[in-house]
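*Asks:* sequence first, predicted coordinates after that:
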Amino acid sequence: MSKAQDWNLLARDAVTLTAENMSRMVKGLPFKAKLALRGLLHMQHGSLAVTLPDGRRLLVEGKKAGPKAALSLNNWNLAYRALTSGTIGVAETYMDGDWDSPDIAAFLELFLVNGEAAFSYAHGKGGLGRLFERVRHWMNTNTKTGSKRNISAHYDLGNDFYREWLDPSMTYSSALYSTGANDLQSAQNAKYRALAEATGIGPGDHVLEIGCGWGGFAEFAASELNCKVTGLTISREQLAFAEERIRKAGLDDRVEFRFQDYRDEAGLYDRIVSIEMFEAVGEKYWPSYFSKLRQCLKPGGKAGLQIITIRPESFDQYRSNPDFIQKYVFPGGMLPTRNHLAELAGKVDLSLVKDFGFGLDYARTLAEWRERFWSVWERIRPMGFDERFKRLWEFYLFYCEAGFRARNIDVRQVVFSRR
């Protein structure tokens with residue numbers, strides 16, 4: 001049965017929730033349940049079929065078109081946590097098994113396109129829970145020591161963990177399908193090629209890669225473009241893997257990896273590449289990052305960056321209310337807007353020469369990762385990961401996919417030139 005059929009089946013037997021029947025529908029329910037259901041009447045976009053803990057089904061319809069989602073509540077914990085903690089509350093209740101959905105990405109997309117307003121009376125205000133998360137996020141600042149700690153929290157889960165569900169190139173960033181690639185590995189290769197071509201990398205160039213991951217781009221650039229690559233990482237796990245892959249590929253003479261913070265780099269390079277690393281820099285250090293790009297580029301050189309951005313109209317709310325990703329996945333991270341990138345570049349005399357967005361390709365990449373993650377879970381579990389960890393990663397992949405589908409976030413390849 002398709003997801004659309006699932007939704008139609010759930011919605012068919014549901015009672016439509018309206019202002020007129022609200023009192024009857026919420027009679028006898030806990031106070032937090034009443035608040036949640038009353039809040040849903042403010043939903044502007046899409047439709048939500050809700051199965052209550054007592055088995056009743058309600059249908060909530062917005063005034064405008066939008067995602068169709070279904071939600072099954074095992075208890076009322078989601079109601080309270082969504083009201084007080086936004087996406088963190090939604091995530092934690094999913095991890096605890098308090099709710100489920102036949103299409104979690106659709107539910108989260110519905111949550112995002114409605115701006116949380118229909119789901120949270122704390123939207124834009126805070127409360128103690130959100131104040132605590134703001135303090136926690138501030139404490140995760142990306143000093144050189146803090147950066148190593150924050151990166152280790154995510155990337156040092158183990159190379160074997162990531163190897164099970166990433167494609168063979170071990171690429172952990174958005175693939176590029178829109179150029180015609182049909183499978184994940186080909187789409188990752190297409191992404192590398194597009195960024196390299198946009199940045200103008202050619203034979204003999206010396207390329208600095210800030211945040212080299214498991215070495216996928218470095219291997220591609222050295223082997224396909226006959227250039228020299230110096231890659232920086234602050235993950236010991238990634239460094240060991242990257243060095244071994246380059247040794248096996250016979251590219252030791254063209255590729256060097258260093259366990260080094262980008263702020264300590266002092267060399268001059270023809271080109272700089274950085275793929276989805278800027279998101280982990282932290283807002284406080286954005287100017288330092290762009291200053292380092294300028295400092296390390298030779299005159300006439302170019303820097304090609306792949307960066308996840310957030311809509312300008314969402315930034316202030318996002319900035320003041322750390323979300324699930326910042327708490328559980330990338331501590332200390334912060335997404336910029338396109339405007340931030342242009343302003344930061346302008347202040348260090350870098351010119352924007354290319355800007356290409358492909359957010360829906362990231363949604364497809366995340367869906368592919370999720371399917372691969374599910375298919376190998378029984379091999380991942382013995383590595384020491386429990387059911388709560390599994391649900392955390394499921395939610396992470398669903399949540400990001402929903403963000404791109406809702407166009408709340410985008411992924412871009414941007415190229416800057418030093419005059």
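*Replies:* Looks like it arrived, so ask away.
*Asks:* is it true that residue 275 touches residue 211?
*Replies:* Yes. Look at residue 275 against residue 211 with CB atoms under 8 Å: they come within range, at 6.8 Å. Every C-beta, even on glycine, is put in place using the N, C-alpha and C of the backbone.
*Asks:* quick one: the strands in this structure?
*Replies:* Applying DSSP state E to the chain gives strands spanning 15-16, 45-51, 57-61, 64-73, 99-100, 206-210, 228-233, 255-259, 269-275, 297-310, 350-357, 409-418.
*Asks:* tabulate those (a markdown table), appending mean neighbour count and mean pLDDT.
*Replies:* Output for these, formatted as a markdown table (neighbours: other CB atoms under 10 Å; pLDDT from 0 to 100):
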| stretch | mean neighbour count | mean pLDDT |
| --- | --- | --- |
| strand 15-16 | 12 | 90 |
| strand 45-51 | 22 | 93 |
| strand 57-61 | 19 | 92 |
| strand 64-73 | 20 | 92 |
| strand 99-100 | 20 | 96 |
| strand 206-210 | 24 | 99 |
| strand 228-233 | 24 | 98 |
| strand 255-259 | 18 | 98 |
| strand 269-275 | 24 | 99 |
| strand 297-310 | 20 | 98 |
| strand 350-357 | 16 | 97 |
| strand 409-418 | 22 | 98 |
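*Asks:* out of those strands, which is closest to residue 288?
*Replies:* The closest of the strands of the chain to residue 288 is strand 206-210. By CB to CB, the value is 12.0 Å.
*Asks:* so what touches the closest one?
*Replies:* When contacts are defined by CB atoms under 8 Å, 6 or more residues apart in numbering, strand 206-210 is touched by residues 201, 217-218, 221, 227-232, 262, 265, 267, 269-275, 277, 292, 296.
*Asks:* repeat that with 6 Å
*Replies:* Where contact means CB atoms under 6 Å, 6 or more residues apart in numbering, the residues beyond strand 206-210 that reach it are 201, 218, 221, 227-232, 262, 269-274, 277, 296.
*Asks:* so where's the stretch 101-250 of the chain uncertain?
*Replies:* Judged by pLDDT under 70, the stretch 101-250 of the chain has its weakly predicted residues at 115-156.
*Asks:* do that again at 90, thanks
*Replies:* Across the stretch 101-250 of the chain, the ranges flagged by pLDDT under 90 are 111-158.
*Asks:* now the helices: where do they sit in it?
*Replies:* With DSSP state H, counting those that start in this stretch applied, the stretch 101-250 of the chain shows helices at 104-113, 127-139, 144-155, 159-165, 184-199, 216-225, 236-249, listed in chain order.
*Asks:* the longest one vs strand 409-418, what angle?
*Replies:* Okay, so that is helix 184-199. 30 degrees (axes from the mean of the first three to the mean of the last three CA atoms, to 10 degrees).
*Asks:* chain center to helix 184-199: distance?
*Replies:* When C-alpha coordinates are averaged (CA atoms, centre = their mean, to the nearest Å), helix 184-199 and its chain have centres 19 Å apart.
*Asks:* mind exporting that helix as CSV, just the C-alpha atoms?
*Replies:* Included here for helix 184-199 are C-alpha records, laid out as CSV according to Å, rounded to 0.1, in the frame of the first residue of the first chain:
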residue,chain,number,x,y,z
LEU,A,184,23.6,7.4,-5.2
GLN,A,185,27.3,6.8,-6.1
SER,A,186,26.9,8.3,-9.5
ALA,A,187,25.1,11.3,-8.1
GLN,A,188,27.9,11.8,-5.5
ASN,A,189,30.5,11.7,-8.3
ALA,A,190,28.4,14.2,-10.2
LYS,A,191,28.4,16.6,-7.2
TYR,A,192,32.1,16.4,-7.0
ARG,A,193,32.5,17.1,-10.7
ALA,A,194,30.1,20.0,-10.7
LEU,A,195,31.9,21.7,-7.8
ALA,A,196,35.3,21.1,-9.2
GLU,A,197,34.3,22.5,-12.6
ALA,A,198,32.6,25.5,-11.1
THR,A,199,35.7,26.2,-9.0
